[in-house]
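*Asks:* The sequence isn't on hand, but the structure is:
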Ligand SMILES: Nc1ccn([C@@H]2O[C@H](COP(=O)(O)OP(=O)(O)OP(=O)(O)O)[C@@H](O)[C@H]2O)c(=O)n1
Ligand SMILES: C[C@](O)(CO)[C@H](O)COP(=O)(O)O
């Protein structure tokens, strides 16, 4: 069984809207709905678990799940203080899953074919994640000065989904909990167990909507996606 675990229980502080950026409308539809749509429509995703803030559960049920009629959402789970806690709370609801696809609710433009590639690589290697190559030169900074230039060819920006065999990612989170390890993504926890994570080349369109600048970028990406969809429809 393949479960999509979508985390949407953050506060969106950097976006500064005064409400959770998951409910921001991009061309008239909420960010979180656009994200769920991709997994709802993916035939290789069996069910969906969504993690939302405790005080948003009723709103989410009424205005997202019931309004859009999602059929695959099997559980709505309370988030935690940090993203890591939210993921763990969601994992506890995925006990029947063989593969868990952990994805940020704030990344609505993930491509279906890329999700499937992470699933195939996780089946083979235990863990995989989407990432894109650095396009600029990357440097380490200390204080007010650049300290070291890194080899750009070995620098990737990791995204989500981050996809795992269920027992591996559960073990990684439990180990982190036991040792007090904190990480901003899930592959870091698996690496703490000495496991390697397979790289799956993603798309630069798979942005995480984080600050206000990303709203304009999101509108452009959506426009581009609609254009190419229409173009394909004309030729089909
Ligand atoms: N305690 C948290 C923190 C984050 N997330 C989710 O993890 C994803 C990536 O996190 P981020 O972009 O940092 O979202 P926020 O934490 O909401 O943003 P900020 O740090 O600006 O408050 C988002 O979909 C967010 O909702 C979560 O489920 N639980
Ligand atoms: C998981 C993630 O999206 C991978 O790039 C990123 O680490 C989330 O970080 P955030 O600070 O929770 O946005």
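*Replies:* Received it, and whenever you're ready, just let me know what you need. A quick note: this is a predicted structure, and the numbers were derived from the prediction, not measured. Ligands and ions are numbered 1, 2, ... in the order given.

*Asks:* Name the SS class of residue 117, please.
*Replies:* Classification of residue 117 using DSSP: H, G, I helix; E, B strand; the rest coil returns helix.

*Asks:* That one and residue 199 touch, don't they?
*Replies:* No - in this structure residue 117 lies outside contact range of residue 199 using Cβ atoms under 8 Å: 10.5 Å. Quick note: C-beta positions are derived from backbone N, CA and C, even for glycine.

*Asks:* what does the lengthiest strand in the chain rub up against?
*Replies:* Taking DSSP state E as the criterion, the chain has its longest strand at strand 156-165. The contact list for strand 156-165 (Cβ atoms under 8 Å, 6 or more residues apart in numbering) reads 4, 98-104, 107, 110, 114-115, 118-119, 121-123, 126-134, 172, 185-187, 190, 197, 199, 202, 206, 208.

*Asks:* Which of the residues you listed fall within strands?
*Replies:* Here DSSP E is the test, and the contacts of strand 156-165 give 4, 99-104, 127-133, 199 as lying in strands.

*Asks:* which residues do residue 117 and residue 199 both contact?
*Replies:* Residues touching both residue 117 and residue 199 (Cβ under 8 Å, 6+ apart) are residue 128.

*Asks:* circling back: any of the ones in strands among the contacts of strand 156-165 buried? List them.
*Replies:* Buried members of the ones in strands among the contacts of strand 156-165, counted by 16 or more other Cβ atoms under 10 Å: 4, 99-104, 127-132, 199.

*Asks:* Spit out the contact partners of the nearest residue to residue 117 once chain neighbours are set aside.
*Replies:* Of all residues not flanking residue 117 in the chain, residue 200 sits nearest, at 4.9 Å (Cβ to Cβ, 6 or more residues apart in numbering). Listed by Cβ under 8 Å, 6+ apart, the contact partners of residue 200 are 114, 117, 118, 121, 128, 129, 130, 131.

*Asks:* can I get those residues in TSV with pLDDT and distance to ligand 2?
*Replies:* Listed next are the contacts of residue 200 as TSV, based on pLDDT from 0 to 100; distance: Cβ to the nearest ligand atom, whole Å:
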residue	pLDDT	distance to ligand 2
114	98	14
117	98	17
118	98	13
121	98	17
128	98	13
129	98	8
130	98	9
131	98	9
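
*Asks:* Closest to residue 72 out of the residues you listed?
*Replies:* Each of these was scored against residue 72 by Cβ to Cβ, and residue 118 proved nearest at 17.8 Å.

*Asks:* who touches the closest one in this structure?
*Replies:* Residue 118 sits next to 101, 128, 129, 130, 161, 162, 163, 200 when contact means Cβ under 8 Å, 6+ apart.

*Asks:* Residue 175 too?
*Replies:* Applying Cβ under 8 Å, 6+ apart, we find residue 175 in contact with 181, 189, 192, 193.

*Asks:* go on, residue 45?
*Replies:* Residue 45 is in contact with 2, 3, 4, 39, 72, 101, 115, counting by Cβ under 8 Å, 6+ apart.

*Asks:* Output those in CSV; the columns should cover distance to residue 81 and pLDDT.
*Replies:* Below are the contacts of residue 45 laid out as CSV (distance: Cβ to Cβ, whole Å; pLDDT from 0 to 100):
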residue, distance to residue 81, pLDDT
2, 28, 98
3, 23, 98
4, 23, 98
39, 25, 98
72, 28, 98
101, 23, 99
115, 28, 98
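
*Asks:* Out of the residues you listed, which two are the most distant from each other?
*Replies:* Maximum pairwise distance in the contacts of residue 45, criterion Cβ to Cβ, is 13.5 Å, between 72 and 115.

*Asks:* Give the intersection of the neighbour lists for these two.
*Replies:* Counting by Cβ under 8 Å, 6+ apart, the common neighbours of residue 72 and residue 115 are 39, 45.
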